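Participant: Mind folding the following:
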Amino acid sequence: MTLIVASLFLPYAPQFEVNATKDEAADLAESNLVKVLPENDIKLRKKRTSSVHSNIPFSANHSTTSLTDSQTSNDLKSPLPPQLGSETVTAVGTANSEENDYNKRNNSNNNNNPETMTSDQFLENLTANATAAAPPLNPGTAGTSVMNADSTVNPLGAPNRDSDEDFFANDADSIIDSIDDGSSMSNLTPFPTDNTGDPITNLTNKPVVYSAVGSSHSAGTNSTGTIITPKSRSVPDYDSAVVDVSKIKEKHEEMYNTLPSMKRTSFSNSQANKKSEVGDLLNHFPTGLPKAIDECSQTDSDEDSDLEADANELYVVPKFGGYSSLSRAKINLRHSHELFSQIPWKIVPSQKGNGAMKNAISIASAEKTIHDPVMWVGTVGIPTDEIPTDISKRITDELQQKYNSTAVITDDITFKGAYKNFCKQILWPTLHYIIPDNPNSKAFEDHSWNYYQNLNQQFADKIVETYKEGDTIWVQDYHLMLVPAMIRKKLPKAKIGFFLHVSFPSSEVFRVFAHREEILEGIIGANSVGFQNKEYARHFLQTANRLIMADVSPEELKYNGNIVSVTHIPVGIDFFTMNNELENENVRKWRQMIRRRWNGKKLIVCRDQFDAIRGIDRKMLAYERFLNENPEYIDKIVLIQICLSKYESVELERQVMVIVDRINSLSSNISASQPVVILHQEIDYPQYLALSAEADLFLISSLREGMNLTCHEFAVCSEDKNAPLLLSEFTGSASVLKEGSILINPWDTNQMAISIKRALDMTYDEKRRNWKKVMKSVINNDSDNWVSASLGCINSAWDFNEERSTVFNLSESALFADYKRTRNHLFIFKISDPPNSRTLAMLTELGSKNTVFVLSHLSKATVESLYSRVLNIGLIVENGAYVRIDGVWHNIVQHIDWIKEVVKILDDKIERLPGSYYKIADSMVRFHTENVEDTDRIAGVIGEAITHINTLYDKKGIHAHVYKNIVFVQEIGLSVKALRFIFKYYNNSSNVTKSPMKTNGGTGRNPGEIEFACITGSSSPIIEPLFKQINDKVSSGTLRVGYSIVYGDPTSTYAKEHVNGLNELFTLINAISE
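Facilitator: Got it, this is the predicted structure:
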């Protein structure tokens, strides 16, 4: 058995690398064939991490995480392909070779005398690319550098510098002593902790990668070569989901006809030039021209091309004067397949995807919390259209064989349309309460929805292809919301779980989705659905109840006969692994340097993605207010804001930087004291740990977010200082860490400012108490708990549904034997339709020898009139609200004062839905819609009515549900209460009836303690609890024999036996009672 984890991105990805000069790299970048990763981006990717959406560097081993400095041989990277270089390279690096190279590098570093780290190097690494929004420095100020005359200045007046060491180096040598420990960043390994004794160290070829998925700071890009990836095709920018190719071609032709007289050329402008250039190229290709160039030399540029082929064509218009050298011409191949067929590649840890999830599963697998092997299913994280088929096959084979990863290879347009268009521009914002307001969003949504469906279907198909009986499928996050139902359609008996790592909004927000029903039905194809906290789970249940009329309870959902478990289990971190990292020598040295650099100052540390929902602007406004109200702190405090991503909004950047500029202008000496430091990139992990450990306050001000694990990390780091945590109440972590943290409303800047002051003035004893509470929550809700609890819920939900779906045909011989060996038999028949003469006759015959009840949703008067000819029978009416025994009615229902209020709600729905009506009984209200003409509006109105009633009366025990298109509103659990009353009545000797029969109804015989009970009927929300109750009584030994018999075609039921219909059941029972 295998745990199949489906995530949008695999933990591993292929990496292509060439040993190119800067000029050659520039040529590659301009060729439009590939995307060259800039040096700054490489550094940023090596450093960047996010506790929620990227990798968390918790791992002890990094043998598979990077291309090491010693890997300069041609087996790992090479010059450009043969037509661009000199030799062919085909070797592909493996995990074992990476481990050896990594060990060699470590040994080399240990033997050499490392350079000492100066204060300037420290500041350069800690504050590289930081923004100091402040007035230009005075050239005469001691300890500062004069801004270069040609420095680029941003619109806010802050110089764009590679480093802010000129800003921070105020007599730096007197503040920070030189350290001769060899901790320069050039030699700083990601995790220099000695883990040779750790059983997790040698996991290179394990089913999952404990080491690789957590190594965000050195993952796969630590190389001196040029890393390139294929360029993906752009998604067609059309408003319609259906593209009319002929019209687009017509539009393109019109566009080109209006341009000046110019001919597009494929590689050359004329046949003569072609021959000349081909002749020159032949000197560089002794074995013949590459196919792309050869085809290009034979193509007549005057011929019109097909639009679809034209979209894949790369036309090059040489600049004036043509090519000065063959270097540009050589890489302007018409197809990049030629390039990627010969560039060496290797498998490296992927930087994309949910790092918290990948680390949690990997750690659990490594530590045997998960006993089954893990198979990952996902995309490779790079465009694949331009990678040749044979190379793609080799990549997928290696991922499968060495990394237990099954790759979903999809075309670039489908992936970008699903991920960048639907997930990032529609789905993710709406899940975080940011509703798209683009006037074209509806057409855009429909168009991208098709891509989203296609990508989910490809995932489902790949999982079905991989699945073996007994496997567990665990689908992760909002990118794959349709996958559970798609798998369920092909694998009805599969064990499927789904977990949403982001927030789930209220039904009022979720209902704006044009495809809301499809998304909900896709999710509930799983046996178990998990969320980060109780609020998100409640929103999901209410939304399903309102939009698809699912019947819900606090922990489960019933829809189309299926029961789905709904749980809330927060994702956590691994406390013990992270705690070991804090003992790292480099972390201790960084802490010393930070302590000396900001000696005597309070540090507020913040770490966020730079986007609209993180509330960075609100945070800065609150901080500004705090400083204005408490000016004594201006020169005694520093807020360090670490931004994990590039700016998504120029307007947001402007707003934040204007506020930062105002705050920093409050300082009396900006060269000596800077109240705000914004780091525009992630810092190295040891630096981050050191900053968190030295922080006097950690502040998170997200406007809406799932689990923000940076606050969990901060709590672990703050063991020495026990610093307070200010946490937005709108994050998922607030529900976990509410005991011990200071919850804030990011929209209330005044309250935030007051909370900052309170946290800074808090006594150590109070800090200690709060920190201990936070730490207990962090440990109790760690990553192991998330994995084990989630898988436990999936298994129990599947077992439960398996039990419900296992129904055997009723055995007449077994029923006869059980009936004969017991006495005092109880029969309960749920009959919804009016009885015919045969039914009445059989009930009369059966009731003369046994205790018989009829269960109905109708009123007392109606049921009595229907069964007035049957004397020896008991009645259970209005779904258990009233029970008649021996002609006497007993009230089971307790409260009916809610009916008038519910009727007022239904009056409003009747006005909005002409043709609908309701009926009021003694204990229930039924809302009917069979006469409504506008059938399209029925589901919406019924959903609103159910949500409204259940929200108002849930705590009062009143519940609304739909059965056969009728809404029933009634007290919860009446049928079970009625059954318990009947058992208590007959098993209590004081209630034994003296007379053998009564003329006005009765049980037909002197009852005693019940030994045999049989409950039967078609599956419904009323009788299913009775089936379960009988089964539980037999299991507990309080009932000798119990039969739960369902008729019809139920998809899921508590009943143990099945018959085709009520008539067949009556025939069998009547035969055994004779």
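Participant: Run through the residues that contact the nearest residue to G572 once chain neighbours are set aside.
Facilitator: The shortest distance from G572 to any non-neighbouring residue, by C-beta to C-beta, 6 or more residues apart in numbering, is to D782 (4.1 Å). Using the backbone N, CA and C atoms, a C-beta is placed for each residue, glycine as well. For D782, the contact set (C-beta atoms under 8 Å, 6 or more residues apart in numbering) comprises G572, I573, D574, F575.
Participant: Please repeat the previous calculation with a cut-off of 10 Å.
Facilitator: By C-beta atoms under 10 Å, 6 or more residues apart in numbering, the residues touching D782 are A360, I363, P570, V571, G572, I573, D574, F575, F576, T577, M578, H712.
Participant: And for G497?
Facilitator: Going by C-beta under 10 Å, 6+ apart, G497 touches 3, 5, 472-476, 484, 526-530, 565, 567, 790-791, 793-795, 797-798.
Participant: buried subset of the residues you listed?
Facilitator: Buried by 16 or more other C-beta atoms under 10 Å: 3, 5, 472-476, 484, 526-530, 565, 567, 790-791, 793-794, 797-798, out of these.
Participant: Can you select the buried ones from the contacts of D782 in PyMOL?
Facilitator: Selection of buried members from those for PyMOL, criterion 16+ other C-beta under 10 Å:
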select buried, resi 360+363+570+571+572+573+574+575+577+578+712
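Participant: Adding secondary structure and distance to R912, write the contacts of D782 out as TSV.
Facilitator: Shown next, in TSV, are the contacts of D782 (DSSP: H, G, I helix; E, B strand; the rest coil; distance: C-beta to C-beta, whole Å):
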residue	secondary structure	distance to R912
A360	helix	47
I363	helix	53
P570	coil	39
V571	coil	41
G572	coil	45
I573	coil	49
D574	coil	52
F575	helix	53
F576	helix	57
T577	helix	56
M578	helix	55
H712	helix	47
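Participant: Out of the contacts of D782, the closest to W428 would be?
Facilitator: Proximity to W428 was ranked across the contacts of D782 by C-beta to C-beta; first place goes to V571, at 17.3 Å.
Participant: My read is that the closest one contacts V778, right?
Facilitator: No: with contact defined as C-beta atoms under 10 Å, V571 does not count as touching V778 (11.8 Å).
Participant: Which residues are in contact with each of the two?
Facilitator: With C-beta under 10 Å, 6+ apart as the test, V571 and V778 both reach L709, H712, S733, V736.
Participant: Reformat those residues as JSON lines; add distance to M762.
Facilitator: Output for these, formatted as JSON lines (distance: C-beta to C-beta, whole Å):
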{"residue": "L709", "distance to M762": "24"}
{"residue": "H712", "distance to M762": "20"}
{"residue": "S733", "distance to M762": "20"}
{"residue": "V736", "distance to M762": "21"}
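Participant: Tell me which entries of those lie within helices.
Facilitator: H712, S733, V736 (DSSP state H).
Participant: Of those, just say which sits nearest to P505.
Facilitator: Looking across those and measuring by C-beta to C-beta, the closest to P505 is S733, at 17.6 Å.
Participant: If we ignore the residues flanking it in sequence, what's nearest the closest one?
Facilitator: N708 (4.9 Å).
Participant: Now do that neighbour, the pLDDT please.
Facilitator: Here, the pLDDT recorded for N708 equals 87.
Participant: OK, contacts around it?
Facilitator: Contacts of N708 (C-beta under 10 Å, 6+ apart): 50-52, 607-609, 614, 700, 702, 727-728, 731-734, 737.
Participant: Ranking by neighbours, what's the top pick from these?
Facilitator: Compared across the contacts of N708, S733 has the highest neighbour count, 31 neighbours, by other C-beta atoms under 10 Å.
Participant: Next, work out how far apart that residue and V716 are.
Facilitator: 14 Å (C-beta to C-beta, to the nearest Å).
Participant: C423 now?
Facilitator: From C423 to V716 the distance is 31 Å (C-beta to C-beta).
Participant: cool, and E632?
Facilitator: From E632 over to V716 the distance is 32 Å, taken as C-beta to C-beta.
Participant: Of those two, which one has the most company?
Facilitator: Higher neighbour count among E632 and V716: V716, with 23 against 8, using other C-beta under 10 Å.
Participant: what's the nearest residue to the more buried one if we skip its chain neighbours?
Facilitator: Closest to V716 by C-beta to C-beta, 6+ apart is M578, at 5.1 Å.
Participant: I figured that neighbour was touching L689, is that so?
Facilitator: Yes: here M578 reaches L689: they are 8.2 Å apart, a contact under C-beta under 10 Å.
Participant: Next up, the contacts around S232.
Facilitator: Per C-beta under 10 Å, 6+ apart, neighbours of S232: K35, I382, P383, T384, D385, E386, D411, D412, I413, F415, K416, K420.
Participant: in the stretch 951-1074 of the chain, which spans are helices?
Facilitator: Secondary structure of the stretch 951-1074 of the chain by DSSP state H, counting those that start in this stretch: the helices cover 974-987, 1024-1036, 1062-1073.
Participant: which residues of the stretch 901-1050 of the chain fall in strands?
Facilitator: With DSSP state E, counting those that start in this stretch, the ranges of strands along the stretch 901-1050 of the chain come out as 917-920, 925-928, 958-963, 966-971, 1012-1018, 1041-1047.
Participant: Who are the packing partners of the last one?
Facilitator: Strand 1041-1047 is packed against helix 812-820, strand 825-830, strand 1012-1018, helix 1024-1036, strand 1057-1059, helix 1062-1073, with contacts defined by 3 or more C-beta pairs under 10 Å, 6 or more residues apart in numbering; DSSP states H and E.
Participant: hmm, try it at 7 Å
Facilitator: strand 1012-1018, helix 1024-1036, strand 1057-1059, helix 1062-1073 (3 or more C-beta pairs under 7 Å, 6 or more residues apart in numbering; DSSP states H and E).
Participant: Go ahead and name everything in contact with the second one.
Facilitator: The reference is to helix 1024-1036. With contacts defined as C-beta atoms under 7 Å, 6 or more residues apart in numbering, helix 1024-1036 is touched by S975, V976, L979, A1013, I1015, L1039, G1042, S1044, T1053, Y1054, A1055, K1056.
Participant: 6 Å instead?
Facilitator: S975, V976, L979, A1013, I1015, L1039, G1042, S1044, Y1054, A1055 (C-beta atoms under 6 Å, 6 or more residues apart in numbering).
Participant: go on, stretch 697-705?
Facilitator: With C-beta under 6 Å, 6+ apart as the criterion, stretch 697-705 contacts 432-433, 503, 604-606, 613-615, 618-619, 708, 711, 714, 723-728, 730-731, 746, 759.
Participant: For the longest helix anywhere in the chain, give the mean pLDDT please.
Facilitator: Assignment by DSSP H gives helix 441-466 as the longest helix of the chain. Taken as a whole, helix 441-466 has an average pLDDT of 86.
Participant: do the same with stretch 625-640
Facilitator: 92.
Participant: tell me the contacts of A695?
Facilitator: A695 sits next to L603, V605, A723 when contact means C-beta under 6 Å, 6+ apart.
Participant: If I look at it, what pLDDT would I see?
Facilitator: Note for A695: predicted pLDDT of 93.
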